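Peer 1: Sequence plus predicted model, see below.
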Amino acid sequence: MTTILPRKDVVIVGLGWTGAILAHELTEGGLDVVAIERGPWRDTATDFNIGYAQDELRYGIRRDLFLQPAVEAMTMRNSTSQTALPMRDYGSFLPGNGVGGAGVHWNGHTWRFWDSDFQIADHLRDRYGAGRIQDLQLQNWGVTGAEMEKSFDRFEYLAGISGKAGNISGQIQEGGNPFEDPRARDYPLPPMQMTYAPTLFAEVTRSLNLHPFPTPSANLSKDYINPLGIAMGQCTMCGFCERFGCANYSKSSAQTTILPVLMKKKNFEVRTDSEVLHVDLDASKKHARGVTYVNTSGEEFFQPADMVLLCAYGLHNVRLMMLSGIGQIYDPNTGEGTIGRNYCYQTNAGAQVFFDDKNFNPFIAAGALGQTVDDYNGDAFDHGPLDFVGGAGINCIPSNGRPIQTRPTPPGTPRWGSDWKKATVKSYKSTLGFSSQGSSYPTRGNYLDLDPTYTDRFGRPLLRFTFDFPDNDIRMSNWVSDRMEDIAKAFGGRQYTNTRRKKGWDSVPYQSTHNTGGAIMGTDPKTSAVNKYLQSWDVANVFVIGASAFAHNAGKNPTGTVGALAFHAADVIRQQYLRNPGQPLVSA
Ligand SMILES: Cc1cc2nc3c(=O)[nH]c(=O)nc-3n(C[C@H](O)[C@H](O)[C@H](O)COP(=O)(O)OP(=O)(O)OC[C@H]3O[C@@H](n4cnc5c(N)ncnc54)[C@H](O)[C@@H]3O)c2cc1C
Ligand code: SF4
């Protein structure tokens, strides 16, 4: 039996980064909001307590804070000629679960995508001709960098980002990223104090005429009080950051930046341990009535609401749309349908340099403490003579020296035994790593849909990935790896390694939780699922917020842009949508 609950103005699915931003903004606008969160309540004092927050086995290896496949698995294959099989363990990416979402255990690299990303198809066509991108399904996002600037700024000030501006109102700033778009003002906090490895990386890359700058970080360089009046503390560089909650109130998350204010509001409520099964549509299939969810006791509820916001993480947003019948599922054979279209990932590679005479003290670290060069990112360099588009940031961000997982050894070292032990002892403190984080561009054959065979514990089809790295992206990544080899040699170490990205996406080794696309934004309902305000083209009182909206992925982490899109959508809901609720903000 389904219990029908009293109506709310807004129901939000998921209380991670985007859910918390939207909940705060819309309650400020006077709306009565309920968030329904699949995982448990999580708070710093009780859940990331200093006494046990740094339990590497529990959090780093057994991934206590993450979504487990028994709750929701996904199936994967590299091409339509294969049969997709379920991931029995999340590996390649690690979705979040519980209040705060993946924002609890993220690293905190906080980037802005560029105008040349938002207008990528026009930009690349104008610069290199249409032929250069004909194998890719690149399309504009429907917004410009200038339109997004205010929202980026709001996210960065909410989160207390530490960094150095590279371009303020068109003036290039010494020490910042000279390739970034103009911003109105500097970051709220100065860059973090650098440890030895990124300091050396900056010296070496500068000697190669590159332009290193401090990676913008959501690990706070100083104490900070954000615009909501919430105080955070300076990061202690504890090195238990990615995969861990921060015990120190130093990593920006919903917990440290929004919830202390949001939870006191009378017009806000969260229901945890409650999984939304689908959005309920009316008979016209053009209007959402609310959502159906089930709690851990198996009780089912219908929550009626005037507006539904999907903030469940990009992949879950896409699956919920498919399970609810919102829009048409993408078909790669015909190119019709938009839900599942343009799924993209991240095209990464890594290098290590082994020294005899250096001590990097790798345990003094934070999730986003490091240096980056963007000289080979996006379209910051001329692709004219090259055989690819896109690029990668090169990052030296030694995020931890944790004893179980961080054991660099040079090639040729046995994988166990006394020689392995000796090599670990020798290399632990004297190895420097850096990596490329590359763009991932859409193709017709990379997409998400519902698996025809495998179902979850409620009998609903799992999300199916059909994905492999496109040839363009492999060429890009290998070209950037060659540049990384130049950098590795310039360090003058004893030995170096330099991995190269190969075809055949493998869902086992961790790569990044930067899954993008599937419900992309755009200007044409035939090729995008949501309009430029993240409003569904098909069901006007549903907004879909997250990296699901990315029409492609850049060589950057997504959350700065995800957070900005959340503010962008919140603003338009408050300023325009509520004047004429239920109506499309953009005519099709
Ligand atoms: C290990 C790791 C490191 C990362 N590092 C970085 C980084 O350095 N920089 C960066 O930019 N990004 C990083 N990310 C990605 C970043 O965490 C995400 O981009 C960000 O959290 C996305 O915000 P969101 O609101 O879309 O989703 P989330 O923050 O994940 O929130 C979604 C919420 O929805 C809930 N939910 C899902 N389905 C349902 C349902 N059916 N019913 C109810 N609730 C549901 C989930 O439990 C979750 O709490 C990292 C991620 C991981 C896992
Ligand atoms: S490294 Fe800093 S931000 Fe990260 S968990 Fe430790 S104290 Fe918190």
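Peer 2: That came through, no problem. Ligands and ions are numbered 1, 2, ... in the order given.
Peer 1: rest of the way, CA atoms for contacts and neighbours
Peer 2: Will do.
Peer 1: can you map out the helices along the stretch 151-300 of the chain?
Peer 2: Remark: helices assigned in the stretch 151-300 of the chain by DSSP state H, counting those that start in this stretch are 196-207, 254-257, 259-262.
Peer 1: now the stretch 301-450 of the chain
Peer 2: Under DSSP H, counting those that start in this stretch, the stretch 301-450 of the chain gives helices at 314-324, 418-428.
Peer 1: Name the residues that touch the last one?
Peer 2: By Cα atoms under 8 Å, 6 or more residues apart in numbering, the list of residues contacting helix 418-428 from outside reads 354-355, 362, 401, 406-410, 413-414.
Peer 1: if we go to 6 Å?
Peer 2: With contact meaning Cα atoms under 6 Å, 6 or more residues apart in numbering, helix 418-428 is reached by 407, 409, 414.
Peer 1: looking at these, which has the most residues close by?
Peer 2: Counting neighbours by other Cα atoms under 10 Å, residue 409 leads these with 21 neighbours.
Peer 1: Name all residues that make contact with it.
Peer 2: Residue 409 sits next to 423-424, 427 when contact means Cα under 6 Å, 6+ apart.
Peer 1: and which of those residues is nearest residue 204?
Peer 2: When those are ranked by distance to residue 204 (Cα to Cα), residue 427 comes first, at 20.5 Å.
Peer 1: Out of all residues in the chain, which is the farthest from the middle?
Peer 2: Centroid-distance maximum for the chain: residue 418 at 39.8 Å, with Cα atoms, centre = their mean.
Peer 1: mind checking which of the helices of the stretch 301-450 of the chain is nearest ligand 2?
Peer 2: The closest of those to ligand 2 is helix 418-428. By Cα to the nearest ligand atom, the value is 18.8 Å.
Peer 1: quick check: mean pLDDT across the closest one?
Peer 2: Mean pLDDT, computed over helix 418-428, is 96.
Peer 1: Which positions in it come out as buried?
Peer 2: In terms of neighbour count (16 or more other Cα atoms under 10 Å), helix 418-428 has its buried residues at 420-421, 423-424, 426-428.
Peer 1: Can you lay out those residues as TSV showing distance to residue 151?
Peer 2: Shown next, in TSV, are those (distance: Cα to Cα, whole Å):
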residue	distance to residue 151
420	49
421	50
423	48
424	45
426	47
427	43
428	41
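Peer 1: Let's have those in TSV, adding distance to ligand 2.
Peer 2: Converted to TSV, the buried residues of helix 418-428 look like this (distance: Cα to the nearest ligand atom, whole Å):
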residue	distance to ligand 2
420	28
421	27
423	27
424	23
426	25
427	22
428	19
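Peer 1: What is the most widely separated pair among these?
Peer 2: Longest span within the buried residues of helix 418-428, Cα to Cα: 420 and 428, 11.6 Å.
Peer 1: List just the nearest of the contacts of helix 418-428 to ligand 2.
Peer 2: Here the nearest of the contacts of helix 418-428 to ligand 2, counting by Cα to the nearest ligand atom, is residue 407; it sits at 18.8 Å.
Peer 1: need the residues of the stretch 251-400 of the chain near ligand 1, please.
Peer 2: Counting by Cα under 6 Å from any ligand atom, the stretch 251-400 of the chain comes close to ligand 1 at 275-277, 311-314, 316.
Peer 1: now do 8 Å
Peer 2: For the stretch 251-400 of the chain, the contact set with ligand 1 under Cα under 8 Å from any ligand atom comprises 274-278, 293, 311-314, 316-317, 320, 367-368.
Peer 1: Strands - which of those residues land there?
Peer 2: Per DSSP state E, strands hold the following members of those: 274-278, 293.
Peer 1: The nearest residue in space to residue 362 that is not next to it in sequence and residue 378: what is the separation?
Peer 2: With sequence-adjacent residues excluded and distances taken as Cα to Cα, 6 or more residues apart in numbering, residue 362 is closest to residue 401, at 4.6 Å. The gap separating residue 401 from residue 378 is 30 Å, by Cα to Cα, to the nearest Å.
Peer 1: Looking only at neighbour counts, state which of those two leads.
Peer 2: The neighbour count for residue 401 versus residue 378, taken as other Cα under 10 Å, is higher for residue 378 (25 against 22).
Peer 1: Tell me who's in contact with the more buried one.
Peer 2: Neighbours of residue 378 in contact, by Cα under 6 Å, 6+ apart: 390-391.
Peer 1: how about 8 Å then?
Peer 2: 116-117, 389-392, 439, 554-555.
Peer 1: Can you list which of the residues you listed are found in strands?
Peer 2: Those of the contacts of residue 378 lying in strands (DSSP E): residue 392.
Peer 1: Report the buried members of the contacts of residue 378.
Peer 2: Neighbour counting with 16+ other Cα under 10 Å marks 116-117, 389-392, 439, 554-555 as buried within the contacts of residue 378.
Peer 1: wait, doesn't residue 339 sit right on residue 529?
Peer 2: Yes - look at residue 339 against residue 529 with Cα atoms under 8 Å: they come within range, at 6.1 Å.
Peer 1: What parts of the stretch 451-588 of the chain come near ligand 1?
Peer 2: Within reach of ligand 1 by Cα under 8 Å from any ligand atom, the stretch 451-588 of the chain has these residues: 512-514, 545-547, 556-563.
Peer 1: among these, which two are most distant?
Peer 2: Across those, no pair lies farther apart than 512 and 545, at 19.6 Å, counting by Cα to Cα.
Peer 1: And the two? Which one has more around it.
Peer 2: With neighbours defined as other Cα under 10 Å, residue 512 and residue 545 compare such that residue 545 has more, 32 against 16.
Peer 1: does the more buried one really touch residue 565, like I thought?
Peer 2: Yes - if you go by Cα under 8 Å, residue 545 and residue 565 touch, sitting 7.2 Å apart.
Peer 1: can you list the residues of this protein near ligand 2?
Peer 2: With Cα under 8 Å from any ligand atom as the criterion, the chain comes near ligand 2 at residues 107, 218-220, 234-242, 244-252, 365-367, 399.
Peer 1: returning to that earlier point: from the residues of the stretch 451-588 of the chain next to ligand 1, which would you call buried?
Peer 2: Those of those that meet the buried threshold are 512-514, 545-547, 556-563, by 16+ other Cα under 10 Å.
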